[in-house]
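In: Could you work out the structure for the sequence below:
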Amino acid sequence: MERRRRVAVLALVLLLLSACHGRREFSVKNHDQSLIYDHTLAKTIVEYASAVYMTDLTALYTWTCSRCNDLTQDFEMRSLIVDVENCLQAFVGVDHNLNAIIVAIRGTQENSVQNWIKDLVWKQLDLSYPDMPNAKVHSGFFSSYNNTILRLAITSAVHKARKTYGDIGVIVTGHSMGGAMAAFCALDLAVSTQDPMFHKYIQCPDS
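Out: Residues are numbered from 1 along each chain as shown. Reported below is the predicted structural model:
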């Protein structure tokens, strides 16, 4: 049962990674449950999810950090967001190879009391988004995205980037707690833009 659940989760992640992007091919063969996906795209997105953990903010902002290379070398940083009070970090920029805006949100910091408290506030909260009756979410993760500077800073940076580069796609990525906030962020951006062609990619790798 656990194996089936993991396969279902993997399939959902790969679907979200590949949906709506003309240059990315995705197909599912139901008869043998095999998946075809773009490994380079997946690895690139994971590299962004890894880079957002860097603590050297100068190297991160100038994209010269030890994790700011390989498949993400041509990234253009637009906004580095640091919420010291809540121990949260994210960045928004443009990947010119993918022709997409990248939003990366950091997950739990090992020594952050604030992060661990939010992780443990698991009580379900009613979600008040359009066309989502009876939806509930993890209140700690939801609060970390919506009741801190993250939401306004990220949405503002994304809208400014789209004014500069046009209505290009947006890739939202994060690991662990950052993956949960990435899901809220992608939903929030989709609703706020009201753009039916808005491209949403979510990568939430296991720790």
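
In: With Arg67 as the reference, measure out to the residue lying closest to Ser112 once chain neighbours are set aside.
Out: Nearest residue to Ser112, sequence neighbours excluded (C-beta to C-beta, 6 or more residues apart in numbering): Cys87, at 4.1 Å. Glycine gets a C-beta too; all of them are placed from N, C-alpha and C. Per C-beta to C-beta, to the nearest Å, Cys87 is found 19 Å from Arg67.

In: Next: Gly166.
Out: Applying C-beta to C-beta, the value for Gly166 to Arg67 is 28 Å.

In: quick one, what contacts the residue lying closest to Thr72 once chain neighbours are set aside?
Out: Leaving aside its sequence neighbours, Thr72 sits nearest to Glu47 (C-beta to C-beta, 6+ apart; 5.1 Å). Listed by C-beta atoms under 8 Å, 6 or more residues apart in numbering, the contact partners of Glu47 are 67, 70-72.

In: quick one: which of the residues you listed is most hemmed in?
Out: Thr72 (22 neighbours; other C-beta atoms under 10 Å).

In: Check whether it really touches Asp95, as I assumed.
Out: Yes: look at Thr72 against Asp95 with C-beta atoms under 8 Å: they come within range, at 6.9 Å.

In: quick one: common contacting residues for the two?
Out: With contacts taken as C-beta under 8 Å, 6+ apart, Thr72 and Asp95 have Thr44 as neighbours in common.

In: could you show me where the helices are in the chain, in order?
Out: Counting by DSSP state H, the chain has helices at residues 2-18, 39-51, 57-61, 113-120, 139-146, 150-165, 177-193.

In: Return the most buried member of those helices.
Out: Of the helices of the chain, the one with the most neighbours on average (mean count of other C-beta atoms under 10 Å) is helix 177-193, at a mean of 22.

In: Just the C-alphas of that helix, formatted as PDB.
Out: Extracted in PDB, the C-alpha atoms of helix 177-193 (Å, rounded to 0.1, in the frame of the first residue of the first chain):
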ATOM      1  CA  MET A 177       8.500  22.800   4.300                       C
ATOM      2  CA  GLY A 178       9.600  24.800   1.200                       C
ATOM      3  CA  GLY A 179       7.700  22.400  -1.000                       C
ATOM      4  CA  ALA A 180       4.500  22.900   1.000                       C
ATOM      5  CA  MET A 181       4.900  26.700   0.700                       C
ATOM      6  CA  ALA A 182       5.700  26.300  -3.000                       C
ATOM      7  CA  ALA A 183       2.300  24.600  -3.500                       C
ATOM      8  CA  PHE A 184       0.600  27.500  -1.800                       C
ATOM      9  CA  CYS A 185       2.600  30.000  -3.800                       C
ATOM     10  CA  ALA A 186       1.800  28.400  -7.100                       C
ATOM     11  CA  LEU A 187      -1.900  28.400  -6.300                       C
ATOM     12  CA  ASP A 188      -1.800  32.000  -5.100                       C
ATOM     13  CA  LEU A 189       0.000  33.100  -8.300                       C
ATOM     14  CA  ALA A 190      -2.400  31.300 -10.500                       C
ATOM     15  CA  VAL A 191      -5.400  32.900  -8.700                       C
ATOM     16  CA  SER A 192      -3.800  36.400  -8.600                       C
ATOM     17  CA  THR A 193      -2.800  36.500 -12.300                       C
END
